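**Q** give the three-dimensional model of this entry:
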Amino acid sequence: MMMKMTNRLAAVPTNDVMNTPACVTIGPSPAKIMVMAMITSIGTTAVASMLVVFVGFLATPWVLSHAGIIIACTAALVGCYWVMAVSVAIIYARPRVVIGPVGFDTQGILGNRWRRWSDIEGGFAVVRVGLQPTVAYRLTRAFKDSARIQPIASLAKQGHDEGILFCGELTMGAREIADVLNQWKQRVRGPTSAQQEKP
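**A** Okay, here's the model as predicted:
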């Protein structure tokens, strides 16, 4: 498990408010990412093979005659993505979640999104998006209206607005991350504020 204390979050230049003492960083797990890469690559290649055969027999014989090339290109594209993902995890320590007194910052491979504790309504919960466990949360109505944020469709069906979708790639599991976020939110805002919020 990689959970470290840091005094400066140099990788988040746009979020200076997060550069405060005693921030917690939950970093990536290259081993988990590689396992996901193998499973995803095998699954995607298998699905692509079935689609090529199906389309080739029923609609376009050209697809069937070039099945090898199509499948190989699909596997290569998926492989390139995961090679990039593992490289970014090792070199840049992404994806990761940075938790501090002001709020939390979810930093993906390409971008980041941070939320203040005051933007969150209620606590953090673990839900599933497909087969992937996700830490989900609700935003306050005032924040959603002011920032014009549209809830993530797959989470809105479960009563949430946003979530940390890459929990499976981190050193901590979704349940542990949700517990840490809930503890920080309650500690920063105080038990009175936490009790007044909806569960």
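
**Q** so residue 126 touches residue 135, yeah?
**A** Yes - in this structure residue 126 lies within contact range of residue 135 using C-beta atoms under 8 Å: 6.1 Å. (C-beta placed from N, C-alpha, C; glycine too.)

**Q** overlap in contacts, the two.
**A** 174, 178 (C-beta atoms under 8 Å, 6 or more residues apart in numbering).

**Q** those two: who's more crowded?
**A** Neighbour count, other C-beta atoms under 10 Å: between residue 126 and residue 135, residue 135 has more, with 29 against 18.

**Q** backbone phi and psi for that one, please?
**A** phi -90, psi 110 (degrees, to the nearest 10).

**Q** got a list of what the residue nearest to it when sequence neighbours are not counted touches?
**A** Distance criterion C-beta to C-beta, 6 or more residues apart in numbering; nearest residue to residue 135, sequence neighbours excluded, is residue 164 at 4.3 Å. Residues near residue 164 by C-beta under 8 Å, 6+ apart: 97, 106, 134, 135, 174, 177.

**Q** from those, pick the one nearest residue 146.
**A** residue 106 (19.8 Å; C-beta to C-beta).

**Q** give me the sheet partners of the one helix or strand the closest one maps to and which way each runs.
**A** Using DSSP states H and E, residue 106 falls within strand 103-107. Counting by DSSP bridges, the strands paired with strand 103-107 are strand 96-99 (antiparallel), strand 112-116 (antiparallel).

**Q** columns mean pLDDT on top of those, output as TSV?
**A** Formatted as TSV, these follow (pLDDT from 0 to 100):
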stretch	mean pLDDT
strand 96-99	96
strand 112-116	94
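
**Q** most tightly packed of those strands?
**A** Mean neighbour count (mean count of other C-beta atoms under 10 Å) peaks for strand 96-99 among the strands paired with strand 103-107, with a mean of 24.

**Q** so what touches it?
**A** 9, 12, 18, 23-28, 104-107, 114, 164, 170, 177, 180-181, 184.

**Q** filter these down to the ones in helices?
**A** Mapping those onto helices (DSSP state H) picks out 177, 180, 181, 184.

**Q** possible to save those residues as JSON lines with pLDDT and neighbour count?
**A** JSON lines is the format used below for these (pLDDT from 0 to 100; neighbours: other C-beta atoms under 10 Å):
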{"residue": "177", "pLDDT": "97", "neighbour count": "24"}
{"residue": "180", "pLDDT": "95", "neighbour count": "19"}
{"residue": "181", "pLDDT": "97", "neighbour count": "23"}
{"residue": "184", "pLDDT": "94", "neighbour count": "19"}
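
**Q** just those residues now: which is nearest residue 121?
**A** residue 181 (13.4 Å).

**Q** so how far is residue 174 from that closest one?
**A** Distance, residue 181 to residue 174, by C-beta to C-beta, to the nearest Å: 11 Å.

**Q** tell me, what's touching those two both at once?
**A** What both residue 181 and residue 174 touch, as defined by C-beta under 8 Å, 6+ apart, is the set residue 135.
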